[in-house]
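A.B. asks: give me the fold of what follows.
(one chain, ligands or ions: 1)
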Amino acid sequence: MRSARATACSNIALVKYWGKRADTDPDLNLPDVGSLSLTLADLATVTTVRPAVDGRDHFELDGVPLDGRPARRIAEHLDRVWAAAGLRGSRPACVVESENHLPTAAGLASSASGFAALTCAAAAAFEADLDDAALSALARRGSGSAARSIFGGFVRLDRGVRPDGSDCVARPVAGPDHWDVRLLVVRTTTGPKKVGSTEGMERCRTTSPYYRAWVETSEADLDAATEAVLDRDIDRLGPIMEHSCFKMHAAMMASRPPLLYWKGTTVDAIHEVWALREAGCPAYLTIDAGPHVKVLVPANRADEAAGRLRTVPGVEAVTIHAPGPAARVEVLP
Ligand code: PMV
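C.D. replies: Next up, the predicted model:
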């Protein structure tokens, strides 16, 4: 094996993924709904994979050694990439060093950029001959949203129907230069840890009476949103994006026990986005499994929208992100 470094950007889903297929091998990590995302510039993870000279795996994130579940997830993922590369024998021990380049103000989870960067760096380190679709399918097994971070710009991940997941593939719908929009990350609070996405999705699937409705209606959102992106029509995309977000959160809230990721400031920021819209600024929001609000606006309205959202009491920071590039990899000497 050789040494390689990969950089992957984070992404935010405009049409959400929430829920895993129950009819397939859990290790495939297949989504129950397709999703459509925007890859974001300036929110990247840089990961280096090197052979370990002492024959033992060693993993670090931002200079801090990892153990327990995070380390197990990385080791399992390296095993998957090794197996996908079709290489014989056992996987060599690896040193993995990862750095998150997220503005400290962003308050975003990094599993999407993290597993995308790890997949690309490990594949290059193992000299695996895998195309982007294969890299994306591997990244998905680390974290569903990571499948989308292999590509830049607007990315669609289809659910597929086959039991082996071979038709669950991500593809770029339009590159980062297709449309001059910005995504604002409105950080509302730093609080105690949320319920993680895997646990939250399972709770929602098994207990929420709205879960089936969420799954059954998401495909139509995906198709309509994809068309709106291609047409660069924010006033068609925005309402679908908000509908997808609120349907997902309604299904979450109806779980037992309930999943409520919002804080009071989250609700205040939602109303501020709607007030902005009433005042003529085409701003539309989405919210992930956390308290922050993400707002899509045309690039020339980003400063105005960010300024208004910064005035909401409890908002800690607002950062502005352009569409970002695909993951990239370099082989190190
Ligand atoms: O990739 P995961 O397992 O962290 O799940 C991501 C789920 C959401 O962020 C809520 C939605 C999405 O599509 O990214």
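
A.B. asks: distance of the residue of the chain most remote from its centre relative to Val95?
C.D. replies: Residue farthest from the centre of the chain, counting by CA atoms, centre = their mean, is Asp54 at 34.1 Å. Distance, Asp54 to Val95, using CB to CB, to the nearest Å: 9 Å. In this view, the C-beta of every residue, glycine as well, is placed from N, C-alpha and C.

A.B. asks: one step back: look at the residue farthest from the centre of the chain and tell me its secondary structure.
C.D. replies: coil (DSSP: H, G, I helix; E, B strand; the rest coil).

A.B. asks: list the contacts of it.
C.D. replies: Ala93 (CB atoms under 8 Å, 6 or more residues apart in numbering).

A.B. asks: which stretches of the stretch 201-333 of the chain have low pLDDT?
C.D. replies: Nowhere does the stretch 201-333 of the chain drop to pLDDT under 70.

A.B. asks: got the residues of the stretch 201-333 of the chain near the ligand?
C.D. replies: Counting by CB under 6 Å from any ligand atom, the residues of the stretch 201-333 of the chain close to the ligand are Asp288, Ala289.

A.B. asks: ok, the stretch 51-200 of the chain next?
C.D. replies: Counting by CB under 6 Å from any ligand atom, the residues of the stretch 51-200 of the chain close to the ligand are Ser111, Ala112, Ser143, Gly144, Ser145, Ser197.

A.B. asks: apart from its chain neighbours, what residue comes closest to the residue in the stretch 101-250 of the chain that the ligand sits nearest to?
C.D. replies: Nearest to the ligand, among the residues of the stretch 101-250 of the chain, is Ser145, at 3.2 Å (CB to the nearest ligand atom). Distances taken as CB to CB, 6 or more residues apart in numbering place Ala112 nearest to Ser145, at 4.0 Å, with adjacent residues excluded.

A.B. asks: give me the element the one you found is part of.
C.D. replies: Using DSSP states H and E, Ala112 sits in helix 111-125.

A.B. asks: can you map out the helices along the stretch 201-333 of the chain?
C.D. replies: Ranges of helices in the stretch 201-333 of the chain, per DSSP state H, counting those that start in this stretch, are 211-230, 234-253, 264-278, 302-310.

A.B. asks: same list, these, but as a markdown table with distance to Ser136 please.
C.D. replies: As requested, the helices of the stretch 201-333 of the chain are exported to a markdown table (distance: least, CB to CB, whole Å):
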| stretch | distance to Ser136 |
| --- | --- |
| helix 211-230 | 17 |
| helix 234-253 | 21 |
| helix 264-278 | 31 |
| helix 302-310 | 29 |
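
A.B. asks: deepest of the ones you listed, which one?
C.D. replies: helix 234-253 (a mean of 20; mean count of other CB atoms under 10 Å).

A.B. asks: which residues are in contact with the residue nearest in space to the middle of the chain?
C.D. replies: Centre of the chain computed as the mean C-alpha position; nearest residue by CA atoms, centre = their mean is Ser145, 3.7 Å away. The contact partners of Ser145, taken as CB under 8 Å, 6+ apart, are Asn11, Ala13, Tyr17, Ser35, Ser37, Ser111, Ala112.

A.B. asks: could you look up the SS state of it?
C.D. replies: Assigned by three-state DSSP, the conformation of Ser145 is helix.

A.B. asks: any idea how far the ligand is from the residue nearest to His101 when sequence neighbours are not counted?
C.D. replies: In this structure, His101 finds its nearest non-sequential neighbour in Ala44, 4.7 Å apart by CB to CB, 6+ apart. With distances taken as CB to the nearest ligand atom, to the nearest Å, Ala44 is found 17 Å from the ligand.

A.B. asks: now Ala44: phi and psi?
C.D. replies: Backbone geometry at Ala44, expressed as degrees, to the nearest 10, gives phi -120, psi 150.

A.B. asks: below-threshold pLDDT in the stretch 51-200 of the chain: ranges please.
C.D. replies: For the stretch 51-200 of the chain, the ranges with pLDDT under 70 are 104-107, 191-193.

A.B. asks: what about the helices in it?
C.D. replies: Taking DSSP H, counting those that start in this stretch as the criterion, the stretch 51-200 of the chain contains helices spanning 68-84, 111-125, 132-142, 197-207.

A.B. asks: most tightly packed of those helices?
C.D. replies: Among the helices of the stretch 51-200 of the chain, the stretch with the highest mean neighbour count (mean count of other CB under 10 Å) is helix 111-125, at a mean of 29.

A.B. asks: what packs against that helix?
C.D. replies: strand 3-15, strand 35-51, helix 68-84, strand 94-101, helix 132-142, strand 328-332 (3 or more CB pairs under 8 Å, 6 or more residues apart in numbering; DSSP states H and E).

A.B. asks: could you dump the helix holding Ala112 to CSV, C-alpha only?
C.D. replies: Extracted C-alpha coordinates of helix 111-125, given in CSV (Å, rounded to 0.1, in the frame of the first residue of the first chain):
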residue,chain,number,x,y,z
SER,A,111,-19.8,12.5,9.0
ALA,A,112,-20.6,13.3,5.4
SER,A,113,-17.2,14.9,4.6
GLY,A,114,-15.4,12.5,7.0
PHE,A,115,-16.5,9.2,5.4
ALA,A,116,-16.2,10.6,1.9
ALA,A,117,-12.6,11.7,2.5
LEU,A,118,-11.7,8.4,4.3
THR,A,119,-13.1,6.4,1.4
CYS,A,120,-11.2,8.3,-1.3
ALA,A,121,-7.9,8.3,0.7
ALA,A,122,-8.1,4.6,1.6
ALA,A,123,-9.0,3.6,-2.0
ALA,A,124,-6.0,5.5,-3.3
ALA,A,125,-3.8,4.2,-0.5
